[in-house]
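Visitor: with the input below, show me the fold.
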Amino acid sequence: MHQLNRRTVVRGGAALGAGALLAAGQASPWTWSPAASVPGAGTGADPRTTWDPECDEIVAELARRGRIPEVNALLRSWTQNGQPLPAGLPADLHDFLTRARRPPAWTDPGTLAAATAFNAKRGTYLGALYGFASGMMSTVIPHEARAVYYSWGGAAMKDRISKTAKLGYDIGTSNAYQSTGEMTVTCIKTRLAHSGVRAVLPKSPYWAASAEQKLPISQADMMVTWHSLPTTVMRLLKVWQVPVDDAESAGFLHSWQLAGHYLGIRDEYLPATWAAARAQAKQVLDPVLAPTPEGIKLADMLLNLGHELDLSLLSRGVLGALTRFMLGDKIADWLRIPREPVWTPLLETSWGPFIAVREGLLEIGTPPAIYWTFDEILRQFVLLYMSELRLPINIAIPTQNNPHYR
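Guide: Numbers count the residues shown, from 1 in each chain. From the prediction side, this is the model:
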């Protein structure tokens, strides 16, 4: 087997430069200014040709020494933010994790505290949006869809949902970034897993034949995924006219700024405000959305999850109609989801009044039967989303690709 080493991962990534950009058909210049980022400054480097060299080098070195299985076993017990690092970790990894878990200087506990109120009020919406809207959007993000489909776990979309569920659950807890919380650890383990994917996925001839990159999960790719979560959530809450307190909105953003930092996104790419986030999403998220054969297959699996878990209202037809309602006709057509003759018009005419009644803005809105049905859909979404948390979820560094696509 081809050996992983620093040259193949770190030096190779740094050397891609403009060649990779042209190969990806993305020759337009990077124009988003780091002045709009959390630190307000940065190098301005194009995130499409930038990865996570420090973490990538550590993981490549661990692979070279054959220590990834041992490290995965040791890290399994590391779950809480304030928990000491496991004994026996390689010194270079121990040093890296010590640095990676430190809060950035721009952390604002006061702003972060407001996220707790936001999550408490909007928890039901968030469960549905993280677990489904963001999940379905991932199937029309070409780089992400291909990386998920061909990497370890492959087309096992339930595994993907379980990790998204853990991320969304951990960030929504009142102690997310406190010593007893788990969000920091979850993000850092995901960062290590991303480096593992960068090391092994390029060996997949199936991924290499379809991908437009030499290495997966660039800084731009991570930013796209970031926007598929908080930015997409806020976009839909605004469309649904859900009232959100300004302080709580800022707290929610700050919780995700911290998540991005711990996931390995450079601070200079993390938007400082929602206005900056919306502007950045227009450059990095919206233009890249497109169908792929891999994404269509993943979406098909997602649409069947409600049936697999015997959740009566989350039939394929309902989930398809919700996809069309949440993400629009264009994306639904890309994913070959037919227009559902009953649920699509019902959502279009009754969801707005349902939200208004639920938010206490209207005393009389949707008929009681429709109100109950929509509320039950949200409840079952949360059941679907949370069901993946019943067993301990272990985020590990992969050592191979999808075994079905060797």
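Visitor: near the closest residue to Ala145 other than its chain neighbours, how many other residues are there?
Guide: Taking Cβ to Cβ, 6 or more residues apart in numbering, and ignoring the residues beside it in sequence, Ala145 has Gly295 as its nearest neighbour in space, at 3.6 Å. The way it works is simple: take the backbone N, C-alpha and C, and place the C-beta from them, glycine included. When neighbours are counted by other Cβ atoms under 10 Å, Gly295 registers 25.
Visitor: next one: Ser174
Guide: 13.
Visitor: can you pull the contacts of it?
Guide: When contacts are counted by Cβ atoms under 8 Å, 6 or more residues apart in numbering, Ser174 touches Thr116, Asn119, Ala120.
Visitor: need phi/psi at it.
Guide: phi -70, psi -20 (degrees, to the nearest 10).
Visitor: any regions of the protein where pLDDT drops low?
Guide: Along the chain, segments meeting pLDDT under 70 span 1-27, 153-160, 306-313, 361-367, 371, 382-391, 406.
Visitor: okay, now the domains of it?
Guide: 69-289, 304-387 (automatic domain parsing).
Visitor: excluding its backbone neighbours, what's nearest Met136?
Guide: For Met136, ignoring the flanking residues on the chain, the nearest one in space by Cβ to Cβ, 6+ apart is Thr323 at 5.1 Å.
Visitor: what is the neighbour count of the closest residue to Thr107 other than its chain neighbours?
Guide: In this structure, Thr107 finds its nearest non-sequential neighbour in Leu258, 6.5 Å apart by Cβ to Cβ, 6+ apart. By other Cβ under 10 Å, the residues close to Leu258 number 25.
Visitor: for Leu258, give its distance to Asp221.
Guide: Leu258 sits 20 Å away from Asp221, taking Cβ to Cβ, to the nearest Å as the criterion.
Visitor: isn't Asn175 right up against Thr184?
Guide: No: taking contact to mean Cβ atoms under 8 Å, the distance of 10.9 Å between Asn175 and Thr184 leaves them out of contact.
Visitor: those two: who's more crowded?
Guide: A count of neighbours by other Cβ under 10 Å puts Thr184 above the other of Asn175 and Thr184, at 24 against 15.
Visitor: can you tell me the closest non-neighbouring residue to the more buried one?
Guide: For Thr184, the nearest residue in space outside its immediate sequence neighbours is Asn81; the separation is 4.3 Å by Cβ to Cβ, 6+ apart.
Visitor: regarding that neighbour, what is its secondary structure?
Guide: Going by DSSP: H, G, I helix; E, B strand; the rest coil, the secondary structure assigned to Asn81 is coil.
Visitor: about what we covered before: okay, and the residue nearest to Thr107 sits in which element?
Guide: Under the criterion of DSSP states H and E, Leu258 resides in helix 246-263.
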